Structure formats: structure tokens, C-alpha cells
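A.B. asks: Pasting the sequence and the predicted model now:
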Amino acid sequence: MGKFKKKTKTSENIPTSALPDIIFMLLFFFMVTTVLREQDILVEQKLPQATQLQKLEKKTLISYLFVGKPKNSNLYGTEPRVQANDVLINTKDIILWVNQEKDKLSEAERDQITISMKADRDVKMGPISDIQFELREADARKLLYASTGKVQN
């Protein structure tokens, strides 16, 4: 009887011909999904420090209001102004802005909208309470105040 030879030639090469396609697909995916710029801040922002902080999980439901003195005082004056979505608005326009922000959300999430107010620490309470009143009128009941890191006791 004759002996049979086993052919055990296995190739250890990894096929890399599809690798450039995969890399370009990943690159394209991240280019499409990355937010390059959120907003240009037109008002001064020196946020107060907090004693307690709570981080929110779902940031898609948050809309931001910035309150402070305008950076360009020659054009906008020196009184505190409200900025929403890259434009300065009056407190009377907050209801319209909230309704536009709610329209961007789905039907189920509209009542869960949260307004994050980033107010300069030098702004008096008068404009803040005017904004709070307009938010109540617009039925935006969830309001949070942004601040910097926690104060060490």
C-alpha cells in the first residue's frame, strides 16, 4: 500500500482589497453625523457656579437660551438680551421660538422639551423672571439653569 500525502498548504494572507472601501464608508458616516458648529454666542457668558449638578441623559430634547449683555454693544446696546438659535430675540418672541422648537420634535416628545437657560451671572433677576413668565405661557415647564463646575465646600 502506498502512502498518501496530505496537502496542507493554507494561506495566512488576509484579504485587504475591501479595506479602503470600509475606511471611506466610515469616514463618510462620521462626516455626515458630526455637528461642526452648534451656535455662535452673541452675548457675554460668565456662568455661575453650582452647589449641586445633575447631568441630563437625552440632549435632543434640550433647547438653549442665552441671556447676557451683547458682545457687540455698538449694534445691540448694553442691556441684557436673549439669544436663541444664533439670533437675538425679545422676551415677547419666546413663545414663538418655543413653538418652533416643539415643531422640530416628534409628537410624543413635544411635552418633554427642556429649556436650558445659560444666563450670565451679572444679569439681574428682572429679565430672568420675564423669560420664566413667557416660558410658562408657552407651556415649556421644564427649565434648567446651566452653570459651571461644582463649588467645593
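C.D. replies: Everything's here; your move. Worth saying up front: this structure is predicted, and the values here are computed from it rather than measured.
A.B. asks: can you give me the helices in the protein?
C.D. replies: For the chain, the helices defined by DSSP state H cover 19-33, 73-76, 94-103, 125-137.
A.B. asks: which secondary element of this protein has the worst mean pLDDT?
C.D. replies: For the chain, scoring each helix and strand by mean pLDDT, DSSP states H and E identifies strand 148-150 as the least confident one, at a mean of 74.
A.B. asks: contacting residues for residue 35?
C.D. replies: Remark: with contacts taken as CB atoms under 8 Å, 6 or more residues apart in numbering, residue 35 is in contact with nothing. All C-beta atoms are positioned from the backbone trio N, CA, C, and that covers glycine.
A.B. asks: What's the separation between it and residue 60?
C.D. replies: 12 Å (CB to CB, to the nearest Å).
A.B. asks: what does residue 95 give?
C.D. replies: For residue 95, the distance to residue 60 (CB to CB) stands at 22 Å.
A.B. asks: Would you mind telling me which of these two has the busier surroundings?
C.D. replies: residue 95 (16 against 8; other CB atoms under 10 Å).
A.B. asks: Low-confidence ranges, the chain, go.
C.D. replies: In the predicted model, the chain carries pLDDT under 70 at residues 1-2, 7-8, 11, 36-38, 150-153.
A.B. asks: at 80 what do you get?
C.D. replies: Applying pLDDT under 80 to the chain flags the ranges 1-16, 35-40, 50-59, 148-153.
A.B. asks: that older thread, out of the helices of the chain, which one sits most buried?
C.D. replies: Using mean count of other CB atoms under 10 Å, the stretch among the helices of the chain with the greatest mean number of neighbours is helix 94-103 (a mean of 16).
A.B. asks: could you dump the helices of the chain to a markdown table with distance to residue 114?
C.D. replies: Converted to a markdown table, those look like this (distance: least, CB to CB, whole Å):
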| stretch | distance to residue 114 |
| --- | --- |
| helix 19-33 | 23 |
| helix 73-76 | 27 |
| helix 94-103 | 10 |
| helix 125-137 | 11 |
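A.B. asks: Figure out which of those helices is closest to residue 143.
C.D. replies: Residue 143 lies closest to helix 125-137 among those, at 6.1 Å (CB to CB).
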